[in-house]
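K.L.:
whatever this is, show me its structure:
(chains A and B)
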Amino acid sequence: MLNVGKIEEGFVLDHIKAGKSLSIYHHLQLDKLDCTVAIIKNARSNKMCKKDILKVECDINTLNLDVLAFIDHNITVNVIKDGKIVDKKELVLPQEIRNVIKCRNPRCITSIEQELPHIFVLADEEKEIYRCKYCEEKASKSASAW
Amino acid sequence: MRHLMNPLDFTVEELDTLFDLAVDIETYPAKYAHACEGRKLATCFYEPSTRTRLSFEAAMLNLGGQVLGFSDAGSSSASKGESVSDTIRIISCYADICAMRHPKEGAPMVAAERSGIPVINAGDGGHQHPTQTLTDLLTIRALKGRLGSFTIGLCGDLKFGRTVHSLINALIRYPDIHFIFISPPELKVPDYITDMLHDKGITYEEVIRLEDSISQLDLLYMTRVQRERFFNEEDYVRLKDFYILNKEKMKLAKKDMLVLHPLPRVNEISVEVDDDPRAVYFKQAKYGVYVRMALILTLLQSAGQPCNLCQ
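P.N.:
Numbers count the residues shown, from 1 in each chain, chains lettered A, B, ... in the order given. Next up, the predicted model:
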């Protein structure tokens, strides 16, 4: 059994689909933050059999977790302060996601205009459909890596 | 300041006001002959177009304004690699309003985000062509006397045809419209449109043969199969002459059915249909100028540039 120490302040992202933690690490741009991150892969889970967990030690106001809801709204977000869980964040689909996924439409202006952000706008909350702000192409989560 | 990217940028009420203005322009052209004196329209056309560009230019000239621009990407700085964002910043220094056509979808929206002047989407790839939609709506309203309570058949390339997508989106805001989509299976209307119709409870049918449904129609909107939308020449050749509207088929139609077409047509409407009073596609081109005149006036006004009307 692997033991990872508790964190004083930050987030514990639990119930991540097994194998998806690295992709979330990149989506949250944790590589750009100067903080301690523990990536736990294939942890045992009663609910999911196997799951990933991410522990991020950081100021809780520095991390924008909106994009998590787009990736997988079943992830549990535990907010940690003074070593204790002070909140369980409910994930709400963001109205807009920026530079998380690329527009795959070869006819879209984002394919040629340099420096243009790839922005997807929530078009249908019920069906969780996002569309490219510019060409209205439907977002594809399966090939969503930036 | 407002732009026009999508026909839905205007509410139904705003469209009514715009169409009223277009009708007033048609009725009293002299009143508007100097309305844009001293103003310039930039036509930035990154892909070839005759009708739309000339329609915009005629609209501005009819309003007493002037026109500058380019008619293909090769004669613009795009050939040197300039971005749309940079081009529009420069154009904003030269002109008061801009009409942009671009092969890439969303390019006019990028321009609008960076622009200091109103931008009109004059067609972006297979995406939107809002001024064609405004033209279609004005033509229907003027010749049918109403927008709503009819069965409309859309025929031809319903997959890549941006005029079709824009028109459907605009028409669903009016009551009691039944759509009949007539296309080969390869050029069917995209799923997102049928899903949307389904969600909104709007009735539609999908058929392959024009002859089977033409008798039900109050309006028939024909489209061309566009070579430039195909990656594969073979597919284009196979599908381009799938539908040909001729006198025989017109005999099956209602006496007051109107035939619309965004033009240019190739073979999909036989020239023998042109003399039929129900064929209104050339009139449609005339309404296109009036609606663009009304749009230029409206957008200039939104940018704090009121126009000089003769009493």
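K.L.:
residue of chain A closest to chain B, please.
P.N.:
Closest to chain B within chain A is A:Tyr134: 2.5 Å, counting by CB to the nearest CB. For glycine as for every other residue, the C-beta is placed from the backbone atoms N, C-alpha and C.
K.L.:
now do the strands in chain B.
P.N.:
B:40-45, B:66-70, B:97-102, B:119-124, B:150-155, B:177-182, B:204-207, B:219-222, B:258-260 (DSSP state E).
K.L.:
output the contacting helices and strands for the shortest one.
P.N.:
Read it as strand B:258-260. helix B:130-144, strand B:219-222, helix B:281-302 (3 or more CB pairs under 8 Å, 6 or more residues apart in numbering or on different chains; DSSP states H and E).
K.L.:
hmm, B:Gln301 is touching B:Leu295, no?
P.N.:
No: when contacts are counted by CB atoms under 8 Å, B:Gln301 is not listed as touching B:Leu295 (10.6 Å).
K.L.:
these two: which is more packed in?
P.N.:
Legend: neighbour count by other CB atoms under 10 Å in any protein chain shown for B:Gln301 and B:Leu295, higher for B:Leu295 (24 against 13).
K.L.:
residues of chain A that sit close to chain B?
P.N.:
Contact residues (CB under 8 Å from any CB of the partner chain) of chain A with chain B: A:105, A:107-116, A:132-136, A:138.
K.L.:
hmm, 10 Å instead?
P.N.:
Residues of chain A lying close to chain B by CB under 10 Å from any CB of the partner chain are A:103, A:105-116, A:123-124, A:126-127, A:129, A:131-138.
K.L.:
domains in chain A, by residue range?
P.N.:
Listed domain ranges for chain A are A:10-89, A:96-132 (source: automatic domain parsing).
K.L.:
could those be laid out in JSON lines, adding mean neighbour count and mean pLDDT?
P.N.:
Below are the domains of chain A laid out as JSON lines (neighbours: other CB atoms under 10 Å in any protein chain shown; pLDDT from 0 to 100):
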{"stretch": "domain A:10-89", "mean neighbour count": "16", "mean pLDDT": "89"}
{"stretch": "domain A:96-132", "mean neighbour count": "17", "mean pLDDT": "91"}
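K.L.:
I'd like the ones you listed as a markdown table, with distance to B:Gly65 appended.
P.N.:
Shown next, in a markdown table, are these (distance: least, CB to CB, whole Å):
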| stretch | distance to B:Gly65 |
| --- | --- |
| domain A:10-89 | 46 |
| domain A:96-132 | 28 |
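K.L.:
name the element the nearest residue to A:Val92 once chain neighbours are set aside belongs to?
P.N.:
Among residues not flanking A:Val92 along the chain, A:Ala69 sits closest, at 5.8 Å (CB to CB, 6 or more residues apart in numbering or on different chains). Using DSSP states H and E, A:Ala69 maps to helix A:66-71.
K.L.:
quick one on the thing from earlier: name the residues contacting each of B:Gln301 and B:Leu295.
P.N.:
When contacts are counted by CB atoms under 10 Å, 6 or more residues apart in numbering or on different chains, the set common to B:Gln301 and B:Leu295 consists of B:Pro118.
K.L.:
residue contacts, the residue of chain A most remote from its centre?
P.N.:
Residue farthest from the centre of chain A, counting by CA atoms, centre = their mean, is A:Arg107 at 27.6 Å. The contact partners of A:Arg107, taken as CB under 10 Å, 6+ apart, are A:135, A:137, B:103-106, B:124-127, B:160, B:229.
K.L.:
for the residues you listed, which one is nearest A:Ile40?
P.N.:
A:Glu137 (35.1 Å; CB to CB).
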